[in-house]
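> Sequence and predicted structure, then a few things I'm wondering about:
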Protein chains: 6
Amino acid sequence: MNVKILGEKNIPNIPWQEKPADYGSPVWRYNENPIIKRNSLKISNSILNSAVVSLQDSDKFAGVFRVDDKGRFMRLHVGFSDDAINWKLSEDKIEWINEDPKMAEANTWCYGYDPRVVWIDDRYWITWCNGYKNAPTIGVGYTFDFQKFYQCENAFLPYNRNGVLFPRKIDGKYIMFSRPSDTGHTPFGDIYISQSPDMKYWGEHRHVMSPRGSWESRKIGAGPIPIETSEGWLCIYHGVLESCNGFVYSFGAAILDINEPWKVKYRCNHYLLSPQEIYECVGDVQNVVFPCATLCDAATGKLAIYYGCADTHVGLAFSTVDEIVAYTKANS
Amino acid sequence: MNVKILGEKNIPNIPWQEKPADYGSPVWRYNENPIIKRNSLKISNSILNSAVVSLQDSDKFAGVFRVDDKGRFMRLHVGFSDDAINWKLSEDKIEWINEDPKMAEANTWCYGYDPRVVWIDDRYWITWCNGYKNAPTIGVGYTFDFQKFYQCENAFLPYNRNGVLFPRKIDGKYIMFSRPSDTGHTPFGDIYISQSPDMKYWGEHRHVMSPRGSWESRKIGAGPIPIETSEGWLCIYHGVLESCNGFVYSFGAAILDINEPWKVKYRCNHYLLSPQEIYECVGDVQNVVFPCATLCDAATGKLAIYYGCADTHVGLAFSTVDEIVAYTKANS
Amino acid sequence: MNVKILGEKNIPNIPWQEKPADYGSPVWRYNENPIIKRNSLKISNSILNSAVVSLQDSDKFAGVFRVDDKGRFMRLHVGFSDDAINWKLSEDKIEWINEDPKMAEANTWCYGYDPRVVWIDDRYWITWCNGYKNAPTIGVGYTFDFQKFYQCENAFLPYNRNGVLFPRKIDGKYIMFSRPSDTGHTPFGDIYISQSPDMKYWGEHRHVMSPRGSWESRKIGAGPIPIETSEGWLCIYHGVLESCNGFVYSFGAAILDINEPWKVKYRCNHYLLSPQEIYECVGDVQNVVFPCATLCDAATGKLAIYYGCADTHVGLAFSTVDEIVAYTKANS
Amino acid sequence: MNVKILGEKNIPNIPWQEKPADYGSPVWRYNENPIIKRNSLKISNSILNSAVVSLQDSDKFAGVFRVDDKGRFMRLHVGFSDDAINWKLSEDKIEWINEDPKMAEANTWCYGYDPRVVWIDDRYWITWCNGYKNAPTIGVGYTFDFQKFYQCENAFLPYNRNGVLFPRKIDGKYIMFSRPSDTGHTPFGDIYISQSPDMKYWGEHRHVMSPRGSWESRKIGAGPIPIETSEGWLCIYHGVLESCNGFVYSFGAAILDINEPWKVKYRCNHYLLSPQEIYECVGDVQNVVFPCATLCDAATGKLAIYYGCADTHVGLAFSTVDEIVAYTKANS
Amino acid sequence: MNVKILGEKNIPNIPWQEKPADYGSPVWRYNENPIIKRNSLKISNSILNSAVVSLQDSDKFAGVFRVDDKGRFMRLHVGFSDDAINWKLSEDKIEWINEDPKMAEANTWCYGYDPRVVWIDDRYWITWCNGYKNAPTIGVGYTFDFQKFYQCENAFLPYNRNGVLFPRKIDGKYIMFSRPSDTGHTPFGDIYISQSPDMKYWGEHRHVMSPRGSWESRKIGAGPIPIETSEGWLCIYHGVLESCNGFVYSFGAAILDINEPWKVKYRCNHYLLSPQEIYECVGDVQNVVFPCATLCDAATGKLAIYYGCADTHVGLAFSTVDEIVAYTKANS
Amino acid sequence: MNVKILGEKNIPNIPWQEKPADYGSPVWRYNENPIIKRNSLKISNSILNSAVVSLQDSDKFAGVFRVDDKGRFMRLHVGFSDDAINWKLSEDKIEWINEDPKMAEANTWCYGYDPRVVWIDDRYWITWCNGYKNAPTIGVGYTFDFQKFYQCENAFLPYNRNGVLFPRKIDGKYIMFSRPSDTGHTPFGDIYISQSPDMKYWGEHRHVMSPRGSWESRKIGAGPIPIETSEGWLCIYHGVLESCNGFVYSFGAAILDINEPWKVKYRCNHYLLSPQEIYECVGDVQNVVFPCATLCDAATGKLAIYYGCADTHVGLAFSTVDEIVAYTKANS
């Protein structure tokens, strides 16, 4: 490996397929995609933009999944897997525990979608787009065991989406990406960073990146948890181009400064993956690849990227930290 | 049967396939869908949202079909079938007879689409979205034999779509659903009922249902002719969700009071069918299932649902009155 | 008089001022406009698009007035006058009597605005834009004495505005203009005619006029009650031009066939009046003159035109039937 | 006084005029409005939505004023007055001191507008709509003397406007209203409350009020600093109605729970003041009254309300706490 | 004079008023504005954005005026004046002579507005926004005597507005500003230059300026004929800011390179004049000052600026070349 | 052949497949479509709307291809083929030679797409949509050998697309179609003709066709180089219908007068081809067939039509001049 990976664990059983011969791009698809199909649960209309982790204390995997039911209500479900490819999802949605009764009132469940999960210090933190009186903002919660889930205060005022935590504190503070939005299918979107001493009160907001044309001309948003490397924070993010027939969601990469992550060191002007397969182009929302999680094997730099396909299924793609870092630097 | 069916005839030769094993929803597709393909006629670009009936005096079937020609002009064609699956459509569009010359002037043909057909008393009544000087409203006509078609006055002022008659008078008056619209791809839509002593003058308009979020968040409109049951009028209707890439048309069910059908007894918060097959997701308008007719066998409660697929083809799906009523009540 | 006036009564005390010298247009303003100011009632934010009549059995005047209260809720108030210039309005809104309890439910009060009043046969009929579950349509009611007001069924399905009755039946049927609309600040609008044998059920809808550019390029709508003349029905209507800074409401004239009033005989391509005075250009909605009523003295052809000013006040203007008919024919 | 005023100081020299005879509303205008005219400074295009306070240690007044220069760039200027009517504004804009160099970078000046000022504990806190890389959010700063101004971290992520502090901590935390927005002339807007232990990190966000039709049908936003009374927090806020010719800004009142101010006790369904005078209806933005500050004399309950007129001038209006509280309760 | 004026004639009888004392801006209004009122002609609704010149061979003045008639049809009228303040306009619109019958067909009159007039070599050239089959583009014509007017080919394809010729050829070619547009109230607009050897075929198009925020944030367009000075071409142009209540038209100045006029030497970031007077803020289009012509006295540098007011009247303002050049350079 | 073909060369090796039996339309697809797939080049995201020609001096083929790279930047590449089906494209984009340094500045490369190529007199002329400071207009260039490419002045001001040259001068002038546009996904579009004596300055602009409903209801644009025939200029053009889910691009035909090609002799009201195959319906932009070139064998009238598929691939279809002319005349 050319790039040193910091802060990730070894995942010897990370899902993996070799890159196809003569394949020109740094990210390649699993050949049995999608790995989770829309009707996998009895009540599911679709299972999509979802977050998985390698468990700290075992070689198994768990995750929080976005499940839209047959009324198109958006829910979060827990799921488990031995191989990170075949997943067993709960039929029921996660019931969040709100220990403070005052907060419980504000946290009356409305809807939740597009979760991210990250291990920090002693627990798995979960963020998602949380409906607060039907206004989207960033929900925050945690679990120690994927059995009981505890909800915290929403991080921000509405309207916000794509809240993504960094895997460790910087300068004593939790760091979160988010993308301030409007009330609908927001036609703009920059990535910002916010900071918190306690995961409850947030401030010191910093602008990170704006869309800059071509594949990411309309808006951008953070994707999986950033990966700490010797080159900086490796961030995979989605970008949206608006054609005359709607939004096209692709994803690309940027590398941010380790200590001041609102400073962009490299930013790839080519996408890593765009919707080209039928299960990415056809579904509830056409032309979407939307990454919400990666598994990263610290020993080899292998990456398994989990992404929503056409807002309908969950897909899997592969790459390595070396490959993406090199490609990002070469096309920056 | 748990639910008693009123006012439908027995149709022993109704098209039928058993529900697939382990199939989780109350409506299942015919496995050779679409039953009518877009280029079936020499001049057709598409054959879609169409209405069929079991003939009163025979075991055969007839229908009125929406045919868009290769200039994308919308037309109505008559068709016949012995089995309600294989259809023979006329190459020519229906020529409406306007016996009153004054009315004939207002009824100068412009376009017609999305027909419904229902037997009331002594004849087959037909309603459709009728272009009156290029403004959409509800056209009304009838036939005794599917050979000659007589046109009446439009029921309402523009702009209106999805006019659907009840299969009998209530309190001495014809009853019609409709969905007031605007001049374009209307971003709103409620279902109303109107009443008429004579099928010519209409009044006593009543609001029935508004869209209420999730799969039916943008607008709703009546579908096939309502089915009279011991639980109330069983109504299948379409609902529209607007994603960032356009409208998604699904369909669901509600049960209305027999005597005051503007009162909703039950309303299913899950759809019955959403666009998931390639012929429903890809076509002239992506992601559309649009039901315009059912056949209902009074003896068994079997239902054959005819629906437009992606504004391109005609599809067929199955269920039973028992199953839909139970599902609607359970999810209301 | 060159033009014979049919069906109007003599009003010797009609408000009147002579046309100013050197005044180039056929309609001139009262020099003490506005005659009713926005804060005339304790609760009023504005008093605007309103309808007055000369009482059948006296030389006094009465009217139904649009009063928006200080919450901007739209209400209808009755008012009386001896000279048709100085008006005494009730502080309370009209309470509509709904004698049929079933209809009463549908007629639950929501809002009402832009009334018109006309004497037909034996009573004063009132139409207005009536909120039915917050959707605008045409409310219908009547009074014999401006003391008790009786409400009927709404004439049409939503969404509709500017319902205006003809002052007598034609061919045994009541005739009403209306302008089908959408749910908001409708960007289109044609004038239609509908017919009814009984003021309850309506049909035989006919298109009358579309906007045709320049001062009436965006939409048009009927104004005061049409005046029957030897040249046809004289109709004053409003037209809307959309500038880069919003709608401009002017008014003009057309003459319709007596027996088939959906046939336009003459239509003036110049406006009669456009917003030019400060009280017409500045107010709750800038640049609006919106006529809802005329008084017409059959003996002289004098016309007093009542119009809303900037959606804020009531203004008065003068002309004669001869003058408007001649101008309309000359500029048709 | 019926209502007890808490936490305000006595201001014997508060500007004052008696209510005009026969005046029907609880808020009346100063008869020499506007008190600050658009071209008062050499560089000013307009002087508008501005905040004044009675100084803690003297009988004089100071304020922070929104001044748009002749390029229409939005700036903040300090100003002083002996009588709170005649104001002397600095020709130069406020230069904010950023003591932390890291924060200084994020606080690079872009634009600032619609300030509010409040004394808490030991200093005057100032909030305003602050351009952060051209995105509007809530700027925070303070001064001890209106000579030197110190800038802090922005309170929230973009896009936000109308940040208004409460005049004391509740439960140990600073409390701020704000109205999350989008990037433009936001067509929506609710009032939220956020809480902070240190004026740097913010959380525990609570929804307070949504627009609810009529005069406040499009959006609402907090206005002057809330006034603590025995009935609760008296809040004057602006509401926006969207006519076919644009936004109309009026202002009204609500009374919030003292300890849980996100709970609304009373909310007036009538406005207190709407744009009716020529200087409120005509200017850079037509039809705007926009209150940003009040002076409240604790001894008498007299209120002087400072509000922007047509986005062009500063106007002054009067009322009393008793009168507004009574009116709000009566019309709630 | 500090700035040398090239290519203008002496106009000793140029209209003139001294700058008011203590007036802070470089452009001041005539104190009897507007000089031409909306109803000056019998058929006129408004007389606005118009162009005047000092005649080559006399001390009199002539011009081409935009007259919108009472149908709001846009027309061009000729007018004459002895003092350039009191104007006598023809009651009839200009009849263009099309000598080539083929061109005459394309030049069928549709509408014309916002003219500019300039003397080049041997004749007065006129450009205007010309409706070609209802699509706006740049009409071109000339006159020798303001009696007969000859029409040429339209300069460009639709959609275009604000075509303004330079007063002499550069490098052997005619030079024209224009502002490519769309079909409506265009929400964008840059100034371009095009070049022609013969006033018939145009090419070598060059971008000159884009809007850049604040008073000119939405679009810009060329105004009067540029004035050749020792500092470069002095150009007065309009800029548009879009408030929540519509467009605000102000005007400012830029100085362009003499030989390569697509190169901007200075550009004033403050406007010269914005709509502040009642006749500029209220009218058919609120908040518009729109300059189409200047008179410039070469001997003194005095400038008389003719501008449309609120799309309703013609106004007059004064300045000097020295003053505008100095202000532009100081605020560039 | 019924129709005489003028001005085309014989192409004995034109790609060809016979029309399928029972195929009802005049244009049929190549059965191995698409002929150029999206990822054919290492850097390509898509290869689409492209232009090919039969070389003058050999039996080989060359072309200019639109290649969007993996950042979705739009580029032009040269390509060659022996059989016009299997194409070898350059990996690098065309480097345009700008011999005049002044012009070179204006021609700084930005983006280029949708090329057309035509042989006139002594060289191959190329037109394309050319980004001039990010504004789309018509780029012009030429090559003698497809090795060196020379750029000229842009033909028109922005905003324009679909510039298509006629294959010979008419009346001594080059003739070009174009479609004036706006800055985005233009919702309107007519076809115009412009004329030039020298390919540098353009004028004598003439309107040719507007969209007229149904399959071409939103906008139209020229497609391949017109073919000169005894019936007139045969023009294949695209038309756009806007469904609730976006634009649908089909193509049809018109026949124009030989000497005055802005006069339409026949225009087919049916499309020739609409998106129906999966590679036309699914891709970066759904539902697009977009023709940019034909090969025409003068000896037989065989036509090979090259068209972009879903903005993703290049497809090939066949017809004959006789067939399209007959169909166009029959359905005109």
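Thanks, I have it.

> okay but A:Thr312 is in contact with A:Cys281, surely?
No - using C-beta atoms under 8 Å as the test, A:Thr312 is too far from A:Cys281 to be in contact (10.6 Å). (C-beta placed from N, C-alpha, C; glycine too.)

> In the stretch 51-200 of chain A, what residue comes closest to chain F?
Minimum separation of the stretch 51-200 of chain A from chain F (C-beta to the nearest C-beta) falls at A:Pro187, amounting to 11.7 Å.

> do you know how far that residue is from A:Pro211?
From A:Pro187 across to A:Pro211, the span is 11 Å (C-beta to C-beta, to the nearest Å).

> do A:Asn107 as well
A:Asn107 is 32 Å from A:Pro211, by C-beta to C-beta.

> repeat for A:Leu6
From A:Leu6 to A:Pro211 the distance is 29 Å (C-beta to C-beta).

> What of A:Gly24?
Relative to A:Pro211, A:Gly24 is positioned 25 Å away (C-beta to C-beta).

> Tell me which of the two has more neighbours.
Shown here are A:Gly24 and A:Pro211; by other C-beta atoms under 10 Å in any protein chain shown, A:Pro211 has more neighbours (19 against 12).

> and the closest residue to chain C within the stretch 51-200 of chain A, what is it in contact with?
Closest contact between the stretch 51-200 of chain A and chain C, by C-beta to the nearest C-beta, is at A:Gly184 (16.2 Å). By C-beta atoms under 8 Å, 6 or more residues apart in numbering or on different chains, the contact set of A:Gly184 is empty.

> hang on, it in a helix?
No - counting by DSSP: H, G, I helix; E, B strand; the rest coil, A:Gly184 is not found in a helix; it is coil.

> near chain F, which residues of the stretch 151-300 of chain A show up?
A:214-215, A:217, A:241-246, A:248, A:269-271, A:274, A:276, A:278, A:281-282, A:286-287 (C-beta under 8 Å from any C-beta of the partner chain).

> Give me the buried subset of those residues.
If you count burial by 16 or more other C-beta atoms under 10 Å in any protein chain shown, the buried members of these come out as A:214-215, A:241-246, A:248, A:269-271, A:274, A:276, A:281-282, A:286-287.

> near chain B, which of those show up?
A:245-246, A:282, A:286-287.

> ok so, going back, so what sits against both of A:Pro187 and A:Pro211?
Common neighbours of A:Pro187 and A:Pro211 (criterion: C-beta under 8 Å, 6+ apart): A:218-219.

> Please report the distance of the closest residue to A:Pro187 other than its chain neighbours from A:His313.
In this structure, A:Pro187 finds its nearest non-sequential neighbour in A:Arg218, 6.4 Å apart by C-beta to C-beta, 6 or more residues apart in numbering or on different chains. Distance of A:Arg218 to A:His313, given as C-beta to C-beta: 23 Å.

> who's more crowded, the two?
Taking other C-beta under 10 Å, A:Arg218 and A:His313 do not tie; A:His313 has more neighbours (23 against 20).

> show me where the stretch 201-332 of chain A has helices.
With helices called from DSSP state H, counting those that start in this stretch, the stretch 201-332 of chain A shows them at A:278-281, A:321-330.

> out of those helices, which comes closest to chain D?
The nearest among the helices of the stretch 201-332 of chain A, by C-beta to the nearest C-beta, is helix A:321-330 at 23.6 Å.

> Just the closest residue of chain A to chain F, please.
Closest point on chain A to chain F, by C-beta to the nearest C-beta, is A:Asn245, at 3.4 Å.

> so that residue sits right up against A:Val285, yeah?
No - in this structure, A:Asn245 is not within contact of A:Val285 by C-beta under 8 Å, at 11.9 Å.

> so does the worst-scoring helix or strand of chain A on mean pLDDT get close to chain D?
Of all helical and strand segments in chain A, the minimum by mean pLDDT, DSSP states H and E falls on helix A:101-106, at a mean of 90. Yes - Helix A:101-106 reaches chain D (C-beta under 8 Å from any C-beta) through A:103, A:106.

> chain center to that helix: distance?
Taking C-alpha atoms, centre = their mean, to the nearest Å, the mean C-alpha location of helix A:101-106 is offset from the chain mean by 27 Å.

> How about stretch A:304-311?
Taking mean C-alpha positions (C-alpha atoms, centre = their mean), stretch A:304-311 and its chain are 9 Å apart.

> Now do that stretch, average pLDDT.
Mean per-residue pLDDT for stretch A:304-311: 98.

> same check, this time on stretch A:321-328
When pLDDT is averaged over stretch A:321-328, the result is 98.

> is chain F contacted by it?
No - on the criterion C-beta under 8 Å from any C-beta, stretch A:321-328 is out of touch with chain F, staying 10.1 Å away.

> which outside residues touch that stretch?
Outside stretch A:321-328, the residues that reach it (C-beta under 8 Å, 6+ apart) are A:1-3, A:5, A:26-27, A:227, A:229, A:231, A:234, A:236, A:253-255, A:266-268, A:270, A:272, A:296, A:301, A:303.

> Select only the buried ones of these in PyMOL?
To isolate the buried subset of the contacts of stretch A:321-328 in PyMOL, counting by 16+ other C-beta under 10 Å, use the following:
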select buried, chain A and resi 3+5+26+27+227+229+231+234+236+253+254+255+266+267+268+270+272+296+301+303
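
> and the stretch 1-150 of chain A, which residues reach chain F?
Checking the stretch 1-150 of chain A against chain F by C-beta under 8 Å from any C-beta, the hits are A:24-25.

> let's see it at 6 Å
A:Gly24 (C-beta under 6 Å from any C-beta of the partner chain).

> Point me to the residue of the stretch 1-150 of chain A nearest chain E.
Distances between the stretch 1-150 of chain A and chain E by C-beta to the nearest C-beta are smallest at A:Ala135, namely 21.7 Å.

> In chain A, where is pLDDT below threshold?
Counting by pLDDT under 70, chain A contains no low-confidence range.

> for chain B, what are the nearby residues on it?
A:42, A:70-73, A:185, A:246-247, A:282, A:285-286.

> With distance to A:Pro167 as new columns, can the residues you listed be given to me in JSON lines?
Listed next are the residues of chain A next to chain B as JSON lines, based on distance: C-beta to C-beta, whole Å:
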{"residue": "A:Lys42", "distance to A:Pro167": "35"}
{"residue": "A:Lys70", "distance to A:Pro167": "35"}
{"residue": "A:Gly71", "distance to A:Pro167": "35"}
{"residue": "A:Arg72", "distance to A:Pro167": "33"}
{"residue": "A:Phe73", "distance to A:Pro167": "31"}
{"residue": "A:His185", "distance to A:Pro167": "30"}
{"residue": "A:Gly246", "distance to A:Pro167": "34"}
{"residue": "A:Phe247", "distance to A:Pro167": "29"}
{"residue": "A:Val282", "distance to A:Pro167": "35"}
{"residue": "A:Val285", "distance to A:Pro167": "29"}
{"residue": "A:Gln286", "distance to A:Pro167": "33"}
